[in-house]
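# here is my input, please return the structure:
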Amino acid sequence: MNKKAVILLSGGLDSTTCLAIAKEQEYDLYALTVNYGQRHAFELEAAKKVAQTIDVKKHSIVNIDLAQFGGSALTDDIDVPKDRDESDMTDIPVTYVPARNTVFLSMALAWAETLGTTDIFIGVNALDYSGYPDCRPEFIESFERTANLATKAGVGGKQFKIHTPLIHLTKAEIIRKGIELGVDYGMTTSCYDPQENGDPCGRCDACTLRLKGFKEDGLEDPLNYLG
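Sure, this is the predicted structure:
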């Protein structure tokens, strides 16, 4: 019998690749998507498509309304930065959602303990990213320690593991790995400020880094970018 794993799945490029890697490692896949009050629901639909395509055992979508707090361009009436040079993506941008990955991993931890597994996957990346503090190895290591202190399973001797297979990869390396595993990136979404039909803007940080990754691989992104 395969081991179970909970995989955080946003519907984006990174989390989809992470899900495919967990499948390659022969885990039974339990995908967790969080509807946190983000302004655009396209990523929720993308996550559903990905979960169906990669054949997860169960796909849970939980609702946690972080938009009631605001404080981010993804949950509040704040403009998404556009046309930033990659060298400017070192300071924490307004697209940072306060404590998002802490909340997400807490939900994944709760489900994992309920399922009787200690394996959690998250597609965080500390290289081609927008400066988010909750994507760093230090945060993941800290949360893993917390998980083992805060749960019945942890104090009972089981050791939770937060798997971060993408954390030291460039976007180009992530894309190459996904293509190797047969990922169809046409069903994913990455844009922070998509159009009404879901097409990416091509100008926000997420689009810039995604396009850079495909270009470095000599590939064309299958999404329909605006001119």
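
# got a list of what Phe42 touches?
For Phe42, the contacting residues are Gly11, Thr189, Pro194, Gly198, by CB atoms under 8 Å, 6 or more residues apart in numbering. The way it works is simple: take the backbone N, C-alpha and C, and place the C-beta from them, glycine included.

# quick check: pLDDT value at it.
pLDDT for Phe42: 89.

# and for Ala153?
For Ala153, the predicted pLDDT is 96.

# what's the burial count for it?
Ala153 has 19 neighbouring residues, counting by other CB atoms under 10 Å.

# and for Met107?
By other CB under 10 Å, the residues close to Met107 number 17.

# just checking, it touches Asn63?
No - with contacts counted by CB atoms under 8 Å, Met107 stays clear of Asn63, the gap being 10.7 Å.

# identify the contacts common to these two.
Common neighbours of Met107 and Asn63, counting by CB under 8 Å, 6+ apart, are Val34.

# of the contacts of Phe42, which is the most crowded?
The most neighbours of any of the contacts of Phe42, using other CB under 10 Å, belong to Thr189, which has 27 neighbours.

# pretty sure that one sits in a helix.
No - if the criterion is DSSP: H, G, I helix; E, B strand; the rest coil, then Thr189 is coil and not within a helix.

# which one is it nearest to, not counting chain neighbours?
Using CB to CB, 6 or more residues apart in numbering and skipping the chain neighbours, the partner closest in space to Thr189 is Ala46 (4.5 Å).

# flag every buried residue along the helix or strand hosting that neighbour.
Ala46 is part of helix 42-54 when elements are defined by DSSP states H and E. Neighbour-count burial for helix 42-54 flags Phe42, Glu43, Leu44, Ala46, Ala47, Lys48, Lys49, Val50, Ala51, Ile54 (criterion: 16 or more other CB atoms under 10 Å).

# next helix or strand past it?
Counting by DSSP H and E, the next helix or strand C-terminal to helix 42-54 is strand 58-63.

# packing partners of that next one?
Contacts defined by 3 or more CB pairs under 8 Å, 6 or more residues apart in numbering; DSSP states H and E place strand 58-63 against strand 28-35, helix 42-54.

# let's have the ones you listed in JSON lines, adding distance to Leu219.
Shown next, in JSON lines, are the helices and strands packed on strand 58-63 (distance: least, CB to CB, whole Å):
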{"stretch": "strand 28-35", "distance to Leu219": "25"}
{"stretch": "helix 42-54", "distance to Leu219": "19"}
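
# cheers, nothing more for now.
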